[in-house]
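**Student:** Kindly return the folded structure for what I paste below:
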Amino acid sequence: MWAQAPFQGEGGKVRVLSFPSGNDYPFRVIAKLGLDKKHGFELENIPIQPGGAVMTAFRSGATEGGLMNWLEIARARSAGEDMSAVVPFLEMPNVWVVPKDSPAKDIAGLKGRKVGTYNRFAPEWVLYLAVANAKAGYNPKTESTIQEAGPGLLRGLLDQKQIEASFIFYNLAMPMAATGDYRILFNSRDLLQRMGMAKDTMLTSVAFRDSYIKSNPKNVKAFAIAYQEAVEHLRKDDGIWVELLATQGVTDPAVIKLMVDWSREVTMDKFSADPMSETKVLFDALYAAGGKEATGIDRLPDGIFNTTVSK
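**Tutor:** Numbers count the residues shown, from 1 in each chain. So this is what the prediction gives:
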């Protein structure tokens, strides 16, 4: 019996934004293993920092797709932008770190502290605000000092003692904790459970411009398939992680194991049966705690998730 030929896209470059200071591992694996060529397109992995630059790239036509959390997509669609999530990427993976000698023992211990964040509008950060208000009895926006900075700069602010704690990418936090100078205070999954929600709730996806999905549907589907194959490879191949993490300065075998185990646990390749309903549960909780000031919108718009592409 003849083997079935791999699904093929229309061809040409497909530009996708990812975060080199965070988890961009599946995108690098697509290129390394030639999974894009296998499926008839050329992936151009464009490094960028999370935040406003991502939206600017989409609006200017500088990219076809990129990493966006569901709240960013919801805000964009509410503002008339044409983009939707075509494949899930990460559950809520990130963490809050403090120096080893910090008196903070849990979320309540951050009251009155100088706390860093890489994005004041990230769902995980808004979740922290909600849990602090509902479960720890304080409002971080008025009872703590918040410092916003790029993910890579937060470590420096901690080292210089300009902040006393930080919400930070997990792949930056784990090597920090391994030095013994810092410890992980809690993670986003802990916060979800404090709010009575499933710990495997999705955070980030790969979104594409709807206009590109319509004009190049095969390229988008080919990307989704290549992405899923890359995630599967990362789940099975321990060796490839050594090379991937070395580019981020992670070479300690103990830290590599921590990173691999956590990355595998939080990386997704398929949507749940009803991602919109699950996301609405979280959105409603965040909105109830912080209102439009926290979420940026009053309701979730339709069309956030295009689940037909990655089936």
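**Student:** mind listing the helices for the chain?
**Tutor:** Here the chain has its helices, by DSSP state H, at 25-33, 35-38, 52-60, 70-78, 123-135, 140-143, 151-159, 170-178, 188-194, 210-215, 217-236, 239-246, 253-266, 275-295.
**Student:** So which of those helices is nearest Thr204?
**Tutor:** Using Cβ to Cβ as the measure, helix 70-78 is the one of the helices of the chain that comes nearest Thr204, at 7.8 Å. Quick note: C-beta positions are derived from backbone N, CA and C, even for glycine.
**Student:** What is the closest one packed up against?
**Tutor:** Helix 70-78 sits against helix 52-60, strand 83-91, helix 123-135, strand 202-209, helix 275-295, with contacts defined as 3 or more Cβ pairs under 8 Å, 6 or more residues apart in numbering; DSSP states H and E.
**Student:** For those, please prepare a markdown table with the additional fields mean pLDDT and distance to Asp190.
**Tutor:** Formatted as a markdown table, the entries for these read as follows, by pLDDT from 0 to 100; distance: least, Cβ to Cβ, whole Å:
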| stretch | mean pLDDT | distance to Asp190 |
| --- | --- | --- |
| helix 52-60 | 94 | 27 |
| strand 83-91 | 97 | 13 |
| helix 123-135 | 95 | 9 |
| strand 202-209 | 96 | 14 |
| helix 275-295 | 92 | 15 |
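**Student:** Now do the same contact list for Ala28.
**Tutor:** That one is not Ala; residue 28 is Arg. The contact partners of Arg28, taken as Cβ atoms under 8 Å, 6 or more residues apart in numbering, are Asn45, Leu244.
**Student:** What does the pLDDT read for it?
**Tutor:** Residue-level confidence at Arg28 comes out at 96, pLDDT.
**Student:** And it, how far from Gly291?
**Tutor:** In this structure, Arg28 lies at 39 Å from Gly291, with Cβ to Cβ, to the nearest Å as the measure.
**Student:** same thing with Gly61?
**Tutor:** Distance, Gly61 to Gly291, using Cβ to Cβ: 33 Å.
**Student:** With adjacent residues omitted, what lies nearest to Lys38?
**Tutor:** Once its chain neighbours are removed from consideration, Lys38 has its nearest residue in Pro6; the separation is 5.2 Å (Cβ to Cβ, 6 or more residues apart in numbering).
**Student:** so where's the stretch 151-300 of the chain uncertain?
**Tutor:** Counting by pLDDT under 70, the stretch 151-300 of the chain contains no low-confidence segment.
**Student:** Counting neighbours, what do you get for the closest residue to Gln248 other than its chain neighbours?
**Tutor:** If the residues on either side of it in the chain are set aside, Gln248 comes closest to Asn171, at 6.5 Å by Cβ to Cβ, 6+ apart. Other residues within reach of Asn171 by the criterion other Cβ atoms under 10 Å amount to 25.
**Student:** ditto for Ala288
**Tutor:** The number of residues packed around Ala288, counting by other Cβ under 10 Å, is 12.
**Student:** burial measure for Lys311, as a count.
**Tutor:** If we define neighbours as other Cβ under 10 Å, then Lys311 has 8 of them.
**Student:** per-residue pLDDT, it?
**Tutor:** Lys311 carries a pLDDT value of 72.
**Student:** ok, now Phe121?
**Tutor:** 88.
**Student:** residues contacting it?
**Tutor:** Each residue near Phe121 by Cβ under 8 Å, 6+ apart is listed here: Leu71, Glu72, Arg75, Gly296.
**Student:** Would you convert those residues into JSON lines that also reports neighbour count and distance to Asp210?
**Tutor:** Written out in JSON lines, the entries for the contacts of Phe121 read as follows (neighbours: other Cβ atoms under 10 Å; distance: Cβ to Cβ, whole Å):
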{"residue": "Leu71", "neighbour count": "24", "distance to Asp210": "18"}
{"residue": "Glu72", "neighbour count": "27", "distance to Asp210": "15"}
{"residue": "Arg75", "neighbour count": "19", "distance to Asp210": "15"}
{"residue": "Gly296", "neighbour count": "15", "distance to Asp210": "20"}
